[in-house]
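Trainee: here's a sequence, model it:
(one chain, ligands or ions: 2)
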Amino acid sequence: MPRIVMKFGGTSMAGIERIRHVADRVRREVANGNQVAVVVSAMAGETDRLVQLCKEAAPLYDPREYDVVVASGEQVTAGLLAMTLQGMKLNARSYMGWQLPIRASGHASALIDGIDVAVLDRVFDDNGIAVIPGFQGVTSDGALATLGRGGSDTSAVALAIAAKADRCDIYTDVDGVYTTDPRIVPRAKKLDVVTYEEMLELASVGAKVLQTRSVGLAMRFGMPLQVLSSFEDLPGTMIVADEGSLMERNIITGIAHDRNEAFITLIGLPDRPGTVAAIFRALADANINVDMIVQSAPRAGLKSEVTFTVPKASLAHSVDALARVRETGGFEEILTNTDIVKVSVVGVGMRSNAGIAARMFDTLAERQINIVAISTSEIKVSVLISEDYTELAVRVLHTAFGLDAPAAIAGAAA
Ligand code: ASP
Ligand code: MG
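Mentor: Ligands and ions are numbered 1, 2, ... in the order given. Alright, predicted model coming up:
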């Protein structure tokens, strides 16, 4: 019997009526002869509310108690879905993270160590449906742990891998992965297939459909993922390893943007070995993820500058960590800017095609859009530009790389 894990996001679980609709979807998959385990998110907005309560109770809250509070949203929806399925005469039961168990280490952004499948196997043998709260696990000393925001996707993928499922279906409020944000470009197209690698780049640069970690996990174990709408009966987007099936596709798969970065420029850097090492060591020790880095090459004997980006949320911590190494780093001034956006073009086709970066820069130059920093990977080119140009940049790039849907199709979809 085919075995699938179905995961439903917060908007799909927001209220009893929607939970009933989800139950109907689950019933359909069971009726089609599948063994099904379901992973659920908390109702939309609930985790934000719980996080806020923690902050109000204690601004420097204990992460272990934070987990006790924020894991509760998923407990509620798992129980509600299980009882709704039971009301439809289906053999469903909820299993909290500790009941399987889903073993994890750490708090607030715990990592999954493993999932025991004995309980699940028994449920499948009895033709039962297991409903499992996403986002949570249990530590070796029996405490609740949560997997970081958006972690239910990772729960679902990990469960699918452990249970040797044939597929993991992620039901959400969009009907798939698009070439870019359809709110910015109405002629964005839904992609039928993307590779794990592309999805990783798209997810990490701002196409917030899936938690990045979950895609990395699926890629490592070759678990086929499908993103689809829980509200409409439409084919979704398959995320797979195989590039063969994508042969005739566009060189560029999608354009992503990310407004969550800030940039820092350090001015007056002395031209001697060890300067940047001291700076980036300080940031690494403060656990800050640095993304793009640009250093201007100094003319002999003169001072230089280095510019790099950090998540907006880490800006204050970064400035603090840098101020403390001003002596050893030897720089004169720290400048910061949060009015920026990172725009990226992504596609596995880039590997075999030169000139993508040049076409991207030309397209932006034609619109007088200034580039502050650039970074590249094998399948991605990212630029940092002024936030005011986000929409314009995404739109012109979408057109320049031939991603716009034909007008008729766009009209029909609208
Ligand atoms: N409820 C958690 C969050 O909002 C986990 C999830 O939905 O994926 O981050
Ligand atoms: Mg999510």
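Trainee: which parts of this protein sit against ligand 1?
Mentor: 10, 41-42, 47, 73, 134-135, 149-153 (C-beta under 6 Å from any ligand atom). The way it works is simple: take the backbone N, C-alpha and C, and place the C-beta from them, glycine included.
Trainee: what is the neighbour count of the residue nearest to residue 392 when sequence neighbours are not counted?
Mentor: Among residues not flanking residue 392 along the chain, residue 367 sits closest, at 6.0 Å (C-beta to C-beta, 6 or more residues apart in numbering). Residues lying near residue 367 (other C-beta atoms under 10 Å) number 12.
Trainee: residue 367 and residue 393 touch, don't they?
Mentor: Yes: assessed by C-beta atoms under 8 Å, residue 367 is found in contact with residue 393 at 7.5 Å.
Trainee: where does the stretch 1-150 of the chain have low pLDDT?
Mentor: For the stretch 1-150 of the chain, no stretch has pLDDT under 70.
Trainee: what ranges do the helices span in this structure?
Mentor: Using DSSP state H, the helices found in the chain span residues 16-31, 46-57, 63-70, 72-87, 118-125, 152-162, 196-204, 212-221, 275-285, 315-323, 326-329, 356-366, 390-400, 407-413.
Trainee: quick one: which of those helices is nearest residue 256?
Mentor: helix 196-204 (5.2 Å; C-beta to C-beta).
Trainee: how distant is the closest one from the center of its chain?
Mentor: Chain-centre distance of helix 196-204: 8 Å, with C-alpha atoms, centre = their mean, to the nearest Å.
Trainee: over to stretch 54-71?
Mentor: On C-alpha atoms, centre = their mean, the centre of stretch 54-71 falls 23 Å from that of its chain.
Trainee: what does that stretch rub up against?
Mentor: Around stretch 54-71, the neighbours that count as contacts under C-beta atoms under 8 Å, 6 or more residues apart in numbering are 47, 50-51, 53, 97, 107-108, 110, 133, 135-136, 143-146.
Trainee: low pLDDT regions in the stretch 251-400 of the chain?
Mentor: Judged by pLDDT under 70, no stretch of the stretch 251-400 of the chain qualifies at all.
Trainee: show me what contacts the residue in the stretch 101-250 of the chain positioned nearest to ligand 2?
Mentor: Using C-beta to the ion, the single residue of the stretch 101-250 of the chain nearest to ligand 2 is residue 150, 4.4 Å away. Residue 150 is in contact with 208, 210-211, counting by C-beta under 8 Å, 6+ apart.
Trainee: what do you get for residue 73?
Mentor: 41-43, 46-47, 50, 135.
Trainee: hmm, which of these are the buried ones?
Mentor: Taking 16 or more other C-beta atoms under 10 Å as the criterion, what is buried in the contacts of residue 73 is 41-43, 46-47, 50, 135.
Trainee: give the closest residue to residue 132 in space, chain neighbours not counted.
Mentor: In space, residue 132 is closest to residue 39, 5.1 Å off (C-beta to C-beta, 6+ apart).
Trainee: can you count the residues close to that neighbour?
Mentor: 27.
Trainee: quick check: it touching residue 136?
Mentor: No: look at residue 39 against residue 136 with C-beta under 8 Å: they stay out of range, at 10.4 Å.
Trainee: who touches both of the two?
Mentor: The contact lists of residue 39 and residue 136 share residue 155, where a contact means C-beta under 8 Å, 6+ apart.
Trainee: next one: the residue of the stretch 101-250 of the chain closest to ligand 2 relative to residue 211, how far apart?
Mentor: Distance check for residue 150 against residue 211: by C-beta to C-beta, to the nearest Å, it reads 4 Å.
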